[in-house]
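> Provided below for reference: sequence and predicted model.
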Amino acid sequence: MIEFPSPASYIMTAPGAGAIGMIRVAGPNVSERLRDCLRLRQKPRIEPTVTSSLRLGALVDGDEVIDEVLICERVAGPSSVIDLTLHGGMRILERALEVFDRRGIPPAPSSHSLAAVWPAQTLIEIEALQGMIRATTFRAVRFLADQRVRLPKFLARLSNPVMIGEAECKEELQSLVERSTAGRRLAQGATVVLVGPPNSGKSTLFNRLVGRSAAVVSPIAGTTRDWVDSTVEMEGAPIRLMDTAGSHQTEDPLEKIAIGRAAEITGTADLVVIVLDGSSAVSADRREAFVFSLGEPSCLVVMNKADQAGNACREIGIEGLSDPIWVSAATGIGTDRLVRRILRRLGLEPGCESDPCLFTQRQARIGSDILDAWPESPGSARRRIRASLLAPAVESAALTGLE
């Protein structure tokens with residue numbers, strides 16, 4: 001049992017709406033502090049001598065009943081632990097923390113909450129557990145659970161001069177840093193933005209990839225006045241897909257604002273998918289200008305309306321653009337190939353997570369700093385790996401979540 005030197009409260013369940021929520025209250029004399037705010041059905045108050053008891057009661061604030069609650073109390077030496085199960089609305093949990101705070105049981109930082117649930121040896125384990133709480137796909141959870149064990153072992157090997165030479169150590173660390181972008185995208189999700197001229201079929205393609213009618217589709221130019229987004233799962237990878245207003249010259253002030261917002265979103269995306277109307281050979285020059293204005297090949301170019309495009313349109317293509325993806329958003333033709341290409345460009349093709357991988361900005365930043373300082377002090381690299389990347393959880397600063 002972990003010893004809690006001072007009273008504190010911990011939200012144990014993931015953030016956001018849920019059916020239930022759990023709060024752990026732990027520390028010396030917490031039973032006494034909670035006597036007047038926990039009203040038990042079977043007994044008038046908590047008995048400090050009872051261990052591992054489960055009782056039904058209510059959390060109250062004066063005369064107000066905040067919520068019905070299941071109370072599981074455990075007493076271990078100087079530290080008591082009381083787990084409270086309430087309904088999962090965030091406001092209910094916040095009200096509970098406010099009540100406890102007024103009784104000298106303040107909320108603890110998030111990293112301490114995790115340590116109270118899952119004792120961890122390294123900060124990497126805490127970061128993996130935080131990521132698992134927030135993960136939205138099974139593949140992401142499995143990746144983080146694997147890295148929670150695999151990455152500390154791999155870093156321990158790199159920091160041991162008996163097990164690996166200096167040159168190989170640097171090469172392995174360089175590979176870890178290079179894989180970190182894909183690791184963060186798999187753990188936290190990647191953002192993919194659809195852009196293109198009006199009536200190129202962006203919204204239809206967005207709906208096709210999302211699997212439902214999330215964006216309004218209309219033959220009228222400028223229908224999409226603001227971005228629309230939805231989280232989708234592509235081969236198990238969490239992807240935030242965004243549809244934006246069509247980019248074109250306009251005097252409409254609302255359209256100008258929408259186009260400006262689309263440009264801002266595009267600048268922060270992990271991948272930009274340019275959707276062009278592939279059914280018209282006349283607009284080939286305009287299509288080419290649009291692609292290069294966004295900096296292809298950093299973008300992925302899709303020629304939509306393949307079901308309407310004749311051979312002449314397909315042969316024109318775009319000069320300098322290799323292998324554009326032809327799809328029909330209306331029928332679904334080519335969208336499987338598009339998904340595979342998106343994952344490949346993001347580094348998230350199936351199997352990419354088979355190796356040890358850094359998966360937070362903190363980890364990647366430390367790895368890069370060690371590599372940058374390597375020429376001046378190669379002997380200290382192993383010490384920095386142990387001190388920074390393998391930092392013990394109990395000595396780390398409080399975390400606010402995955403970076």
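Cool, got the structure.

> Please enumerate the strands of the stretch 51-200 of the chain.
53-61, 64-76, 79-87, 190-195 (DSSP state E, counting those that start in this stretch).

> Please, which helix or strand holds the closest residue in space to Arg150 that isn't next to it in sequence?
Counting by CB to CB, 6 or more residues apart in numbering, Pro356 is the residue found nearest to Arg150 once chain neighbours are left out, at 5.2 Å. Bear in mind the C-beta positions are built from the backbone N, C-alpha and C, glycine included. According to DSSP states H and E, Pro356 maps onto no helix or strand at all.

> Pro356 contacts Ser180, doesn't it?
No - counting by CB atoms under 8 Å, Pro356 stays clear of Ser180, with 10.7 Å between them.

> Can I get the strands of the stretch 51-200 of the chain in JSON lines including mean pLDDT, mean neighbour count and distance to Leu343?
Below are those laid out as JSON lines (pLDDT from 0 to 100; neighbours: other CB atoms under 10 Å; distance: least, CB to CB, whole Å):
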{"stretch": "strand 53-61", "mean pLDDT": "86", "mean neighbour count": "16", "distance to Leu343": "46"}
{"stretch": "strand 64-76", "mean pLDDT": "84", "mean neighbour count": "16", "distance to Leu343": "43"}
{"stretch": "strand 79-87", "mean pLDDT": "85", "mean neighbour count": "20", "distance to Leu343": "38"}
{"stretch": "strand 190-195", "mean pLDDT": "91", "mean neighbour count": "24", "distance to Leu343": "9"}
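
> Could you dump those strands into a markdown table and include distance to Asp369?
Output for those, formatted as a markdown table (distance: least, CB to CB, whole Å):
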| stretch | distance to Asp369 |
| --- | --- |
| strand 53-61 | 47 |
| strand 64-76 | 41 |
| strand 79-87 | 38 |
| strand 190-195 | 24 |
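
> wait, which of those strands is closest to Met12?
Closest of those to Met12 is strand 79-87, at 7.5 Å (criterion: CB to CB).

> Give me the mean pLDDT for stretch 19-26.
The average pLDDT for stretch 19-26 rounds to 85.

> Give the buried residues for that stretch.
The neighbour-count check on stretch 19-26 (16 or more other CB atoms under 10 Å) flags 21-26 as buried.

> Nearest to Val273 among the residues you listed?
Among the buried residues of stretch 19-26, and counting by CB to CB, the member closest to Val273 is Gly21, at 38.1 Å.

> Could you find the closest non-adjacent residue to that closest one?
Gly88 (4.3 Å).

> Look up the pLDDT of the one you found for me, please.
pLDDT, read off for Gly88, is 73.

> correct me, but it touches Ile20?
Yes - in this structure, Gly88 is within contact of Ile20 by CB under 8 Å, at 4.9 Å.

> Identify the contacts common to the two.
Shared contacts of Gly88 and Ile20 (CB atoms under 8 Å, 6 or more residues apart in numbering): Thr13.

> how about the nearest residue to Val275, chain neighbours excluded?
Gly196 (3.9 Å).

> Tell me which stretches of the stretch 301-403 of the chain form helices.
311-316, 335-346, 361-372, 381-384 (DSSP state H, counting those that start in this stretch).

> Adding distance to Val99 and mean neighbour count as columns, could you present these in a markdown table?
Formatted as a markdown table, the helices of the stretch 301-403 of the chain follow (distance: least, CB to CB, whole Å; neighbours: other CB atoms under 10 Å):
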| stretch | distance to Val99 | mean neighbour count |
| --- | --- | --- |
| helix 311-316 | 67 | 13 |
| helix 335-346 | 45 | 17 |
| helix 361-372 | 34 | 17 |
| helix 381-384 | 45 | 17 |
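
> picking up where we left off before, for the strands of the stretch 51-200 of the chain, which one sits closest to Gln363?
Of all the strands of the stretch 51-200 of the chain, strand 190-195 comes closest under CB to CB, at 17.5 Å.

> list the buried ones in the helix or strand following that closest one?
Sequence-wise, the next helix or strand downstream of strand 190-195 (DSSP H and E) is helix 202-210. Residues 202-210 are the ones in helix 202-210 that count as buried (16+ other CB under 10 Å).

> What is helix 202-210 packed up against?
The elements that helix 202-210 packs onto, with contact taken as 3 or more CB pairs under 8 Å, 6 or more residues apart in numbering; DSSP states H and E, are strand 190-195, strand 228-234, strand 237-243, strand 299-304, helix 335-346.
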